[in-house]
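Peer 1: all I have is the shape, not the residue letters:
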């Protein structure tokens with residue numbers, strides 16, 4: 001099943017224009033869409049869920065940079081290049097293998113360690129062995145909830161990704177669906193809590 005023609009009929013020239021851009025520049029489209037989506041999701045949470053009076057820019061930038069780098073670049077390569085070459089086509093066996101590979105391998109091993117490391121680096125401005133140690137410690141403390149949340153979205157979501165959506169529109173589709181997931185991630189993991197070691201290095205301003 002191909003969604004492009006029904007969407008062209010439903011939305012007319014506007015969708016045709018956007019579809020053409022995505023087909024010609026799939027990687028650039030992926031980076032732009034995922035960066036904007038991830039940053040917007042965090043701003044939404046800060047503004048309307050947490051009802052902050054001021055947006056915390058470093059936190060929003062963490063989500064936008066993560067969307068741009070991991071989701072826009074690395075995840076694009078995993079979904080559209082690596083898995084498609086390893087398990088080509090839309091037979092049920094290929095679809096299931098790709099869904100399992102993302103949810104049981106790519107997300108636990110790459111997605112969450114990358115997110116926690118980027119969050120730690122953005123807030124401490126240091127990138128060292130200690131940064132990775134603290135980031136992985138935070139991941140270890142919350143991995144059950146993290147995996148439960150991601151699997152609830154992405155097991156069914158990636159059945160659509162690999163079974164229905166054409167390759168050049170996969171990352172825009174992932175970005176659209178993951179807005180809700182990024183809202184959950186922002187709510188559960190957006191707030192930064194320095195480790196005891198980081199707090200000890202901070203000067204006492206009182």
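Peer 2: Everything's here; your move. Everything quoted here is computed from the prediction, not taken from an experiment. Residues are numbered from 1 along each chain as shown.
Peer 1: pull out the buried positions in the longest helix along the chain.
Peer 2: When the chain is scanned for its longest helix (criterion: DSSP state H), the result is helix 129-163. Within helix 129-163, the residues that count as buried by 16 or more other CB atoms under 10 Å are 131, 134-136, 138-139, 146, 149-150, 154, 157-158, 160-163. To be clear about C-beta, it is placed using only N, CA and C from the backbone, and glycine gets the same treatment.
Peer 1: the inter-axis angle of whichever helix or strand comes after that helix versus helix 129-163?
Peer 2: Of the helices and strands lying after helix 129-163 in sequence (DSSP states H and E), the nearest is helix 170-189. Calculated by axes from the mean of the first three to the mean of the last three CA atoms, to 10 degrees, helix 170-189 forms an angle of 130 degrees with helix 129-163.
Peer 1: who touches helix 170-189?
Peer 2: Under the contact criterion CB atoms under 8 Å, 6 or more residues apart in numbering, helix 170-189 has outside partners 22, 26, 29-30, 33-34, 37-38, 40-42, 44-46, 49, 63, 67, 71-72, 75-76, 79-80, 115-116, 119, 142, 145-146, 149-150, 153-154, 157, 160-162, 165.
Peer 1: I'd like to know which of those residues are buried.
Peer 2: 22, 26, 29-30, 33-34, 37-38, 40-42, 44-46, 63, 67, 71-72, 75-76, 79-80, 115-116, 119, 146, 149-150, 154, 157, 160-162, 165.
Peer 1: among these, which are located in helices?
Peer 2: Using DSSP H, the buried ones among the contacts of helix 170-189 in helices are 22, 26, 29-30, 33-34, 37-38, 40-42, 44, 63, 75-76, 115-116, 119, 146, 149-150, 154, 157, 160-162.
Peer 1: quick check: closest non-adjacent residue to the residue sitting nearest the centre point of the chain.
Peer 2: The chain has residue 71 as the residue nearest its centroid, 4.8 Å off, counting by CA atoms, centre = their mean. Nearest non-adjacent residue to residue 71, counting by CB to CB, 6 or more residues apart in numbering: residue 34, 4.1 Å away.
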